[in-house]
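Visitor: here's a sequence, model it:
(one chain, ligands or ions: 2)
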Amino acid sequence: MLADVTARLREAGVPGPVLDAELLVAHAMDTERYRLRVDDDRDLDPSEVALIKRLAGRRARFEPVAYLLGRKEFYSLDFIVNRHVLIPRPETELLVDMVVYYARQNARVADIGTGSGAIAVAVKHARADLEVHATDISPKALAVARKNAARLLGKKSIMFHQGDLFAPLPGMRFQVIAVNPPYVDRGVAGSLQKDLSYEPEEALFSGGGGRDTIERVLKDAPSHLEENGVLIIEIGEEMGDFATRAGKDSGFAVSVLRDYSGLDRIAIMKK
Ligand code: SAM
Ligand code: GLN
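Guide: Residues are numbered from 1 along each chain as shown. Ligands and ions are numbered 1, 2, ... in the order given. The predicted structure follows:
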C-alpha cells in the first residue's frame with residue numbers, strides 16, 4: 001500500500017512523496033509513521049484502503065498534508081488546523097522566541113491575526129505569567145484558535161477578540177504586540193506553489209505589493225503600545241528595507257532578524 005501511494009504521489013509531481021505517503025498511510029491506519037514498517041504487514045480493512053486512496057488523491061492535487069491530517073506541529077506543540085487557518089510555518093517560531101525574550105514578567109501581550117492561535121498559544125505555553133490577547137478578523141479562524149488554546153492550555157488561558165486589526169482592542173495597551181500579517185503580494189497570487197491555493201486568501205495576501213496590512217499595523221500600533229513597548233512583525237524576505245523605512249516613519253527604532261534560511265523575516269520595532 002505504502003509503495004502504491006508513494007508511486008502515485010511521485011507521478012503527480014508532489015515534492016517529498018516518500019515522507020508524505022508515510023504520513024498519510026500512518027494517519028489512515030491510526031498508527032505512527034515509525035511503526036509503519038511493522039504495521040504495514042497487517043491486513044487493511046476496506047474502509048482503511050478507501051481512506052488511504054482518498055487522502056492520496058487529495059495530496060496528488062497538492063492539498064497540504066497538514067490539512068489532510070488536521071494537525072501541524074509548531075513550537076513542539078500539536079495544533080489542530082483546517083482550511084480556515086494558515087498552516088503555522090517554522091519561520092514563525094523565531095517570532096515566538098522574540099516575544100518570549102522581550103516580554104517582561106506579567107506583561108500584557110497581543111497576537112494580532114492569530115489564525116490557528118499558533119503564536120498566542122505557544123507564547124502562553126512558554127510564559128504562563130503573561131496576559132495574552134489574540135485577535136482575528138475571521139470568526140472561523142478564531143474557532144480553531146479557541147479550540148487549540150483549550151486543548152493545549154486549558155479554558156480561559158487566552159482572551160480572544162474578533163475584528164479588524166486593533167479595532168476589537170479599544171483603549172488597550174500592550175508591552176509586546178506580535179503580528180504575522182498577510183504579506184504576500186496579491187498580484188502574484190496566481191503564480192504561486194499549488195499548495196498555497198488551499199490556504200485562506202485573507203491569511204496570505206495583501207495589497208500594495210503585500211505591504212498594505214503591515215502599513216496599517218504601523219499606523220495603529222503606537223497608540224496600543226506601552227512606553228518602551230515592542231512591536232514584532234513577520235515580514236516577507238524582500239521587505240527588510242521597506243520595514244526599516246516604514247517603521248522609522250512611524251517613530252520606531254527598527255532591527256530586522258533573519259530566519260534559519262538566512263532571509264529577512266522578523267522586524268523588531270521599539271517605541
Ligand atoms: N498568526 C498565525 C500564524 O502565524 O500562523 C496566522 C497568521 S496569517 C499569515 C494572518 C492572519 O491574520 C489570518 O488568520 C487572517 O485571518 C488574519 N487577518 C488578515 N487580515 C486581518 C485584519 N485586517 N485584522 C485582523 N486579522 C486579520
Ligand atoms: N511565509 C508564508 C508563505 O510565504 C506567508 C505567510 C504570510 O503571509 N504571513 O507561504
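Visitor: report the buried residues of the helix or strand containing E226.
Guide: Using DSSP states H and E, E226 maps to strand 225-234. Counting neighbours by 16 or more other CB atoms under 10 Å, one finds that the buried residues in strand 225-234 are L225, G229, V230, L231, I232, I233, E234. Where you see a C-beta, it was placed from the backbone N, CA and C, and this is true even at glycine.
Visitor: partners of the fifth one in the sheet?
Guide: In this structure, I232 has the following beta-bridge partners (DSSP bridges): A178, I268.
Visitor: surely it meets A178?
Guide: Yes - contact status for I232 versus A178: in contact at 5.0 Å, counting by CB atoms under 8 Å.
Visitor: mutual contacts of those two, please.
Guide: In the contact map built from CB atoms under 8 Å, 6 or more residues apart in numbering, the residues linked to both I232 and A178 are L95, M98, V99.
Visitor: can you list the residues you listed in TSV and add secondary structure, distance to P182 and pLDDT?
Guide: As requested, these are arranged in TSV below (DSSP: H, G, I helix; E, B strand; the rest coil; distance: CB to CB, whole Å; pLDDT from 0 to 100):
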residue	secondary structure	distance to P182	pLDDT
L95	helix	15	98
M98	helix	20	98
V99	helix	19	98
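Visitor: out of these, which is most surrounded?
Guide: L95 (27 neighbours; other CB atoms under 10 Å).
Visitor: that residue: what's it in contact with?
Guide: For L95, the contact set (CB under 8 Å, 6+ apart) comprises I119, A178, N180, I232, E234, I266.
Visitor: hang on, V256 in a strand?
Guide: Yes - following the definition DSSP: H, G, I helix; E, B strand; the rest coil, V256 is counted among the residues of a strand.
Visitor: hmm, back to that, out of the buried residues of strand 225-234, which is nearest to ligand 1?
Guide: Minimum distance to ligand 1 across the buried residues of strand 225-234 is 7.0 Å, recorded for E234 (CB to the nearest ligand atom).
Visitor: skip the chain neighbours and tell me the closest residue to the closest one.
Guide: Computed as CB to CB, 6 or more residues apart in numbering, the closest residue to E234 that is not its neighbour in sequence is N180, at 4.2 Å.
Visitor: okay, now the one you found: neighbour count?
Guide: The burial metric for N180, expressed as a neighbour count using other CB under 10 Å, is 25.
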